[in-house]
Every structure is written in structure tokens, then in C-alpha cells.
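# Sequence below, structure please.
(one chain, ligands or ions: 1)
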Amino acid sequence: MMRAVVTGGAGFVGSHLCDRLLAEDWEVVCVDSLLTGTTANLSAAVSSDRFSIHEADVSRGLEVDGPVNWVFHFASLASPRDYLMHPIPTLEVGALGTLHCLRLAEAKGAGLFLASTSEVYGDPKVHPQPETYWGNVNPIGPRSVYDESKRFAEAATMAYRRVHGMPVRITRIFNTYGPRMRHGDGRAVPTFIHQALLGEPMTVHGDGSQTRSLCYVADLIEGIWRAVNTELTSPINLGNTEEISMGELAELIRDLAGSDSSIDYTERPVDDPEMRRPDTTLARDLLEWTPAVPLREGLANTIEWMRASSTEI
Ligand SMILES: NC(=O)c1ccc[n+]([C@@H]2O[C@H](COP(=O)([O-])OP(=O)(O)OC[C@H]3O[C@@H](n4cnc5c(N)ncnc54)[C@H](O)[C@@H]3O)[C@@H](O)[C@H]2O)c1
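Sure thing, here's the model as predicted:
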């Protein structure tokens, strides 16, 4: 039986990954500090006798008994609100946490699967961004704790690959949304939905013309699963190629939620990218992967989940 360690497994993406690995008959050891994640996300997973959860900070070390086939390093502060609030733990989990995962993988003869990010491209000068683009990152701005530690994580992963020849996967994940995002995590989709459900003004940064491409979490997990099962060494983009402006997104969510919230325009955060869209040619060619869930459908599922879940989280 395949056995995985999933760091950050109690978070939004990590918990969906745990569910998928369990559905594929893997054994899963989730390691999470519960800083931004919650065991509520694992309510289905815990019913499996192939699942266990360890509350631990991977920046301090990572020890797991028994055989391991893959270490999935998904622990990170992931939303801008979280990493701006916790800049040092963000650096630590991207840098020290990644090294601990790599050492564990090396000791176990396992592979390392890194959840990297489109943020490695910074505020890109090339559109859409192919994996060969090196990015345009401000190394000292407030967002740099996230961007640079993920760039370090990629560098460390490639170094372990070169030195130890271990299997590695690096997925550069673009904005993903879906059930289990926290109401208050500060990312656009849950923020707009939360505001729309409460009938509060929906706060759009700037004039709302900046665009994003949004991938539904089930599509992302399918891409991750295909990446595990395909021989790959270099990074691969996973994301949706359809762009939507933040202003249009707010309107769409307001309609789908049946809300009469107003839309208010506020100041843009520092280094907020104008546009970001993946070039997913590689994922299409190598993984035969393209996102399948239309935005309206994914948003409707997310709205339904957020309506039913507590606003406390
Ligand atoms: N969701 C996205 O749109 C997106 C986009 C790009 C990359 N990613 C990457 O995917 C991964 C998951 O992101 P998410 O959106 O699910 O975020 P999330 O905040 O929901 O999950 C992150 C999890 O990591 C845990 N964690 C944080 N620091 C830890 C530490 N030191 N030790 C152990 N656990 C720790 C948190 O408690 C949480 O459960 C992250 O690595 C993130 O950088 C996500």
C-alpha cells in the first residue's frame, strides 16, 4: 500500500488531497500545526483507519515512523492576510519546513511533492506565464516572505533531486477556490461570498479591473493526482486559464448568492499583481489535464458550503 505524509493536511487544499489519497486506497499521515487549518476539514478522513493526524510544526522538524512513499509539503501560510500577519512563520515553513520534508523523504527513500505557487512569478511581465518564465519578484516587499520562501523551496527541492536523485514534483498552483476556505482568510472568493451572504458591502481592491484566473479545488486535486502518477522533474503550472476581473467576480458572486450587497472599491495592496494567468500547455500535454468545472458551478458549490458552515472559521 502507498503511504503519504501530507503536511498542511488540515488546510483547504491539503484536506481535499488527504480525501483523494484515501479514496485511492493510500495510507495518509497528516501533519499540521492547525495554525490556519482545522480538524473539521478532516471529518470525512478521520473515519478511515488508513488516516492519522499529528499536530506538529514542520518548521521545527518532521519525524514519521514507518515507510513513506511520498511527502506532500502543503503546509504554508497561504492567503496574503495570513502571511502578512505571520511573516516569520511563513519564511520558516517555506524554508526550514521544506528542508525537513526533503530530509524525511531522503531518509525514507520517498518522493517529495511541493505545493509551490504562481507567486514565484511575482508581478509578471509575461502573459500568460509559462514554467520557463523566471518571474518578477520584489525580494524585500511585504509579500516577499511568501514568494521568496516558495522560490527557496523550489531551489531546495531541485538541489535534493540533483544530489540524491530522488523523485520530486513541483506544482505551481494558481488561485484555487472551493469548499473549506475559511470565511475570514482574506482571499477574494471567500471574502466576497461572506460579504454577499451577510448583505454587507463587497470590498473590491482598486477599480476592480485587475484580473485573476480561478481554479476549482476538485480540478486542482485531479491535476495533483496526475502529477504524482506521471514522471516529471521540472515545475508544472496548475490553474485555470480563464480570466475574470475582480469587479466582475464580485457581481457574479452577488448574483449567485441572491444578495443585494453594494460593491465598494478600496485601496490596492502593495505589489498586488495586475494580471496573472497560467500557461498550462505543459499540464495539458504531459498530464492531459485541463480544468473541467465551470466558474459558475464551482462558485455555487462554494456558496452553498459557506452558507452551511460557521462564519467563525
Ligand atoms: N489555495 C490556493 O489558491 C493556493 C495557491 C497557490 C499555492 N497554494 C499552496 O497550497 C498549499 C495549501 O494552501 P491552502 O490554500 O490550503 O492554505 P491553508 O491555509 O488552508 O492550509 C495550509 C495548512 O498548513 C498548516 N500549516 C501552516 N504552517 C505550518 C507549520 N509550520 N507546520 C505544520 N502545518 C502548518 C496550516 O495550519 C493549514 O492547515 C500551500 O502550500 C499554499 O502555498 C495554494
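# how about the helices in the stretch 51-200 of the chain?
With DSSP state H, counting those that start in this stretch as the criterion, the stretch 51-200 of the chain has helices at 80-85, 87-108, 144-164, 188-198.
# With distance to the ligand and mean pLDDT as extra columns, can I get these in TSV?
Just so you know, the C-beta spots here come from the backbone N, C-alpha and C atoms, and that holds for glycine as well. Shown next, in TSV, are these (distance: least, CB to the nearest ligand atom, whole Å; pLDDT from 0 to 100):
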stretch	distance to the ligand	mean pLDDT
helix 80-85	6	93
helix 87-108	4	98
helix 144-164	7	98
helix 188-198	9	96
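# Including distance to residue 240, could those helices go into CSV?
Shown next, in CSV, are the helices of the stretch 51-200 of the chain (distance: least, CB to CB, whole Å):
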stretch, distance to residue 240
helix 80-85, 19
helix 87-108, 24
helix 144-164, 20
helix 188-198, 12
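# Do you know the pLDDT at residue 178?
In this model, residue 178 is scored at 98, pLDDT.
# likewise residue 311?
On the pLDDT scale, residue 311 is placed at 60.
# Return the residues of the stretch 151-300 of the chain in contact with the ligand.
Counting by CB under 6 Å from any ligand atom, the residues of the stretch 151-300 of the chain close to the ligand are 173, 175-176.
# hang on, the earlier thing: I'd like to know which of the helices of the stretch 51-200 of the chain is closest to residue 303.
helix 188-198 (5.4 Å; CB to CB).
# what's the helix or strand for residue 251?
helix 246-256 (DSSP states H and E).
# just residue 5 next, same as before
Per DSSP H and E: strand 3-7 holds residue 5.
# Just list what that strand packs against, helices and strands only.
The contact analysis (3 or more CB pairs under 8 Å, 6 or more residues apart in numbering; DSSP states H and E) places strand 3-7 against helix 12-23, strand 27-32, strand 70-73, helix 87-108.
# looking at those, which is closest to residue 154?
The nearest among the helices and strands packed on strand 3-7, by CB to CB, is helix 87-108 at 8.8 Å.
# quick revisit: indicate which one of the helices of the stretch 51-200 of the chain is closest to residue 237.
When those are compared by CB to CB, helix 144-164 sits nearest residue 237, at 12.7 Å.
# List the contacts of that closest one.
Contacts to helix 144-164, defined as CB atoms under 8 Å, 6 or more residues apart in numbering, come from residues 73, 76-77, 80, 83, 87-88, 90-95, 98-99, 102, 105-106, 112, 114, 116-117, 119-120, 122, 135, 137-139, 166, 168, 170, 233, 235.
# Buried among those residues? Make that a ChimeraX selection.
With 16 or more other CB atoms under 10 Å as the criterion, this ChimeraX line picks the buried residues out of those:
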select :73,76,77,80,83,87,90,91,92,93,94,95,98,99,102,105,106,112,114,116,117,119,120,122,135,137,166,168,170,235
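# pLDDT weak spots in the chain?
Low-confidence segments of the chain, defined by pLDDT under 70: 271, 310-313.
# If we use 80, what do you get?
By pLDDT under 80, the weakly predicted segments of the chain are 269-275, 310-313.
# Could you pull up the contacting residues of the residue in it sticking out farthest from the centre?
For the chain, the largest distance from the centre (CA atoms, centre = their mean) belongs to residue 260, which lies 30.5 Å off. The neighbours of residue 260, taking CB under 8 Å, 6+ apart as the test, are 199, 254.
# Over to it: give its phi and psi.
Backbone torsions of residue 260, given as degrees, to the nearest 10, read phi -110, psi 30.
# Can you tell me how far it is from residue 10?
Distance of residue 260 to residue 10, given as CB to CB, to the nearest Å: 35 Å.
# what do you get for residue 2?
With the distance defined as CB to CB, residue 2 ends up 21 Å from residue 10.
# More neighbours: the two, which one.
residue 10 (28 against 14; other CB atoms under 10 Å).
# Secondary structure element holding the more buried one?
Using DSSP H and E, residue 10 maps to neither a helix nor a strand.
# what about the spatially closest residue to residue 115 that is not a sequence neighbour, distance to residue 227?
Using CB to CB, 6 or more residues apart in numbering and skipping the chain neighbours, the partner closest in space to residue 115 is residue 74 (4.4 Å). Look at residue 74 and residue 227: by CB to CB, they are 13 Å apart.
# same question, residue 2
For residue 2, the distance to residue 227 - CB to CB - is 15 Å.
# same thing with residue 254?
35 Å.
# Look up which residues are beta-bridged to the closest residue to residue 66 other than its chain neighbours.
Distances taken as CB to CB, 6+ apart place residue 3 nearest to residue 66, at 7.0 Å, with adjacent residues excluded. Beta bridges link residue 3 to residue 27 when assigned by DSSP bridges.
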